[in-house]
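Chemist: Sharing a sequence plus its predicted fold:
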Amino acid sequence: MNDIELLDAYGPDAAPPSDAVLNAARARLLTEEAPRPFFTRRLLTGRVALAGLGLAMAVAAAGVTLPRLGYPPDPAPTATTAAAGPIRLVAARVPEFPYTLSGLGEATFTANPGDPVIAVYLADDGSDVYLTSTDKDYDRKFLGMGEHDVEVGGRPGRIIEPTGSSADGSALPRVLVWEHRPGEWLRLTGQGRYGTDEALIELAGRVEDKPQRLRFEVTVGLIPDGWELAAFKDDSILMYRDPAHPEIDFHVQWVPASEPLFRDEEVQDLQRQTKVTVQGRPADLFKTEEFWMVQARLADRSIVRIMTPRSFTAEQALEIAESVRRAD
């Protein structure tokens, strides 16, 4: 995008932002920190990124990360596993958010890098609510904010009181931190109608230990033993990472059937392209200096791309691609 295009898109004469953009901006403003980059390297570079906002570029630009979810992968007794050095593929557990807040409609999910998952409940009038796990001393990191003690169902809590007001003169969000269970602290952020002590305490009383599935366009059936979901973007880009070596990761990208397939000339540093079969359909296996990429069509003709480091074998990259399914 050149300077003229930038001005057209984002300058003073640009079209007003859409509701989706405004909702996304509200969600970001109400989380405690701005997103930080979580990539230390990029597997997709150059021409692939230009060809369709390549996977690593898209994730690095707009991804949101998840914390460790606390569920070790289950062994896959019937799955074919492959071992090459430390890599052993096992069945992946479906990721979940462990709580439900009733009465606010369906939640969407996001997270800041390294932080717990946040359940986001957006309201048409801006009375948005955010629920996440936290630590007991969450408020100690902020200066210039008041607080006072409250009780939630007989358990200790604190209201964090913002000072000042937003740019449009409306009240800033209010935060409740409370002990949901012994040693387990949660945080509610409320705005608008939910930006009062009474409203937040009432909402906290509705929180149930009822997991919500994190839904994506595809599910991944096999991942390396000990690895975990570390990031996602728009329900269609997933990143799995080795928590012991966070610089090592693999990615899954889903795109609709209308999108074009990558061609070999669009893949940077390509060493070899091999025609293969994935789930009984023709597919491509790209070998580059730094990564393997499997590009395949699913049963509904949509496209999935699996990118793994070269420390994986080609067979392991193909096994992961074989395990990908459209979500129910």
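Modeler: Sure thing, it's come through.

Chemist: so what's P162 up against?
Modeler: By C-beta atoms under 8 Å, 6 or more residues apart in numbering, P162 lies in contact with M145, A171, L172, P173, R174, V175. Where C-beta positions appear, they are placed from N, C-alpha and C, glycine not excepted.

Chemist: again with H148
Modeler: R158, I159, E161.

Chemist: try 7 Å this time
Modeler: H148 makes contact with R158, I159 under the criterion C-beta atoms under 7 Å, 6 or more residues apart in numbering.

Chemist: Repeat that for S302.
Modeler: Neighbours of S302 in contact, by C-beta under 7 Å, 6+ apart: W254, V255, P256, A257.

Chemist: isn't the first one right next to F232, touching?
Modeler: No. The pair W254 and F232 fails to qualify as a contact (C-beta atoms under 7 Å) at a distance of 10.9 Å.

Chemist: where are the low-confidence patches of the stretch 51-200 of the chain?
Modeler: Scanning the stretch 51-200 of the chain for pLDDT under 70 picks out the ranges 51-85, 111-115, 139-145, 164-169.

Chemist: how close does the closest residue to R174 other than its chain neighbours get to S302?
Modeler: Distance criterion C-beta to C-beta, 6 or more residues apart in numbering; nearest residue to R174, sequence neighbours excluded, is G195 at 4.6 Å. Going from G195 to S302 by C-beta to C-beta, to the nearest Å gives 41 Å.

Chemist: Please apply the same query to D269.
Modeler: 27 Å.

Chemist: E247 now?
Modeler: Separation of E247 from S302 (C-beta to C-beta): 30 Å.

Chemist: Could you do P243 as well?
Modeler: 30 Å.

Chemist: what does the domain assignment say about the protein?
Modeler: 51-95+214-326, 96-212 (automatic domain parsing).

Chemist: tell me the most buried of those?
Modeler: By mean neighbour count, with neighbours taken as mean count of other C-beta atoms under 10 Å, domain 51-95+214-326 ranks first of the domains of the chain at a mean of 18.

Chemist: Now for the contacts of S302: which two are most distant?
Modeler: W254 and A257 (10.6 Å; C-beta to C-beta).

Chemist: what's the nearest residue to Q191 once chain neighbours are set aside in contact with, if anything?
Modeler: What sits nearest to Q191 in space, not counting adjacent residues and going by C-beta to C-beta, 6+ apart, is P173, at 4.3 Å. P173 is in contact with L30, P162, T189, G190, Q191, G195, counting by C-beta under 7 Å, 6+ apart.

Chemist: Spit out the contact partners of the closest residue to V278 other than its chain neighbours.
Modeler: Distance criterion C-beta to C-beta, 6+ apart; nearest residue to V278, sequence neighbours excluded, is A296 at 3.8 Å. Taking C-beta under 7 Å, 6+ apart, we find A296 in contact with V278, Q279, R281, A283, V304, A321.

Chemist: Tell me where the chain has helices.
Modeler: Here the chain has its helices, by DSSP state H, at 3-10, 19-29, 46-52, 55-62, 197-204, 314-323.

Chemist: Between those helices, which has the poorest mean confidence score?
Modeler: Among the helices of the chain, helix 46-52 has the lowest mean pLDDT, at a mean of 28.

Chemist: partners of E184 in the sheet?
Modeler: E184 forms beta bridges with R181, as assigned by DSSP bridges.

Chemist: and the gap between it and P116?
Modeler: 12 Å.

Chemist: before we move on, what about F232?
Modeler: 14 Å.

Chemist: hmm, back to that, which two in the contacts of P162 are spaced the farthest apart?
Modeler: M145 and A171 (13.7 Å).
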